[in-house]
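>>> turn this into a structure:
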Amino acid sequence: MTRLLVIVATLFAFALPLKAQDLPEPINSFVSDFANLLDPETEARITNQLVKIRQDLDLEMTVVTIESRHDYGSFKSIEDFATALFNFWGVGNATRNDGVMVLVARSDRAMRIELGDAYGPIYDDRMGLVIDHHFIPYFRGNEYANGIESGVSEIIKRLRPSYNLEQIKNGGETFSDETFTGPTLWDWIRDRITLFVFIGIAAFAFFEERVRTIFANFQKCPNCNLRQISRSREVLKPASTSESGEERVITVCSNCGYQSEEIRRIPMRSRTRHFSSGRSGGSFGGGSSSGGGASGRW
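Numbers count the residues shown, from 1 in each chain. From the prediction side, this is the model:
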């Protein structure tokens with residue numbers, strides 16, 4: 001009954017004139033870390049998982065982090081915002097409606113796993129368990145990167161979508177409880193090549209500062225001259241569409257204990273496209289959601 005009410009309410013809302021909402025365009029179709037919650041290494045591992053599930057099963061799953069839903073319009077709840085963003089981007093295959101969006105709003109202290117229309121209520125319950133046991137415990141300790149990585153891995157296990165694309169085209173079942181088959185050597189090589197190419201292009205196009213951080217790991221320590229440098233980033237002031245932000249970059253040498261601190265500018269975010277009930281052109285397949293999924297707060 002609750003799910004039916006959500007569907008009716010969504011259809012009713014789209015039938016009325018909507019107040020303009022400014023929803024962000026995706027940075028890419030895998031990870032859009034607007035709140036800078038992920039370090040480069042964790043983001044690369046998460047991207048690898050999402051690339052693999054896209055290649056193996058043609059399943060679109062995306063991770064989004066924001067500071068607050070209030071930065072993008074007058075959305076009353078994290079659920080409303082997640083459904084609007086999911087449909088704006090068109091996550092998932094348009095025929096199967098099997099997309100998945102993980103949304104984390106740090107300042108709102110709220111998150112949402114939004115599911116496409118193909119998933120039944122049993123998946124709402126599964127996603128609720130994932131949030132309670134794999135996201136929230138980390139978030140309460142401000143370990144956002146660890147929580148997102150743990151949660152994404154568990155979502156993939158709980159969904160376990162294994163299906164034959166030809167069978168689906170002929171009207172067969174979409175989802176089953178079969179497990180993933182083990183990758184071959186060629187799968188392993190292909191996945192690594194694809195990942196490296198994708199990360200390289202995305203990094204240079206969208207993450208100039210993060211690329212510097214990655215390559216900093218190969219630099220020599222100015223004190224002991226060994227390649228033991230690592231860097232961590234802390235956002236002091238998030239960037240917006242009207243002004244740049246600031247971040248603190250701490251460089252540490254694990255060999256001699258050398259440490260330095262630098263305040264850097266975060267470039268302004270690109271301006272978002274005006275929201276409408278149509279589909280975003282992006283790199284998603286045009287899927288839709290009627291509000292299925294689960295939410296959590298900490």
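>>> all strands of this structure, in order?
Taking DSSP state E as the criterion, the chain contains strands spanning 22-23, 31-33, 61-66, 100-105, 110-115, 229-237, 245-253, 259-266, 273-274, 292-297.
>>> could you dump these to CSV with mean pLDDT?
Converted to CSV, the strands of the chain look like this (pLDDT from 0 to 100):
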stretch, mean pLDDT
strand 22-23, 86
strand 31-33, 95
strand 61-66, 96
strand 100-105, 97
strand 110-115, 97
strand 229-237, 76
strand 245-253, 81
strand 259-266, 80
strand 273-274, 38
strand 292-297, 95
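>>> tell me where the model's unsure across the stretch 151-298 of the chain.
Low-confidence regions of the stretch 151-298 of the chain, defined by pLDDT under 70, span residues 160-188, 190-192, 194-195, 197-198, 200-219, 239-242, 244, 266-282.
>>> now do the same contact list for residue 297.
For residue 297, the set of contacting residues under the criterion of Cβ atoms under 8 Å, 6 or more residues apart in numbering consists of 109-111. Backbone N, C-alpha and C define where each C-beta goes, glycine included.
>>> same question for residue 105.
Under the criterion of Cβ under 8 Å, 6+ apart, the contact partners of residue 105 comprise 35, 65-69, 78, 81, 111.
>>> please name the bridge partners of it.
Going by DSSP bridges, residue 105 is paired in beta bridges with residue 66, residue 110.
>>> tell me how far it lies from residue 226.
Computed as Cβ to Cβ, to the nearest Å, the residue 105 to residue 226 distance reads 41 Å.
>>> next: residue 79.
With the distance defined as Cβ to Cβ, residue 79 ends up 50 Å from residue 226.
>>> between these two, which is the more surrounded one?
Neighbours per residue (other Cβ atoms under 10 Å) separate residue 79 from residue 226, with residue 79 holding more: 19 against 13.
>>> in contact with that one, which residues?
With contacts defined as Cβ under 8 Å, 6+ apart, residue 79 is in contact with 112, 291, 295.
>>> my read is that the second one contacts residue 83, right?
Yes - assessed by Cβ atoms under 8 Å, residue 291 is found in contact with residue 83 at 5.0 Å.
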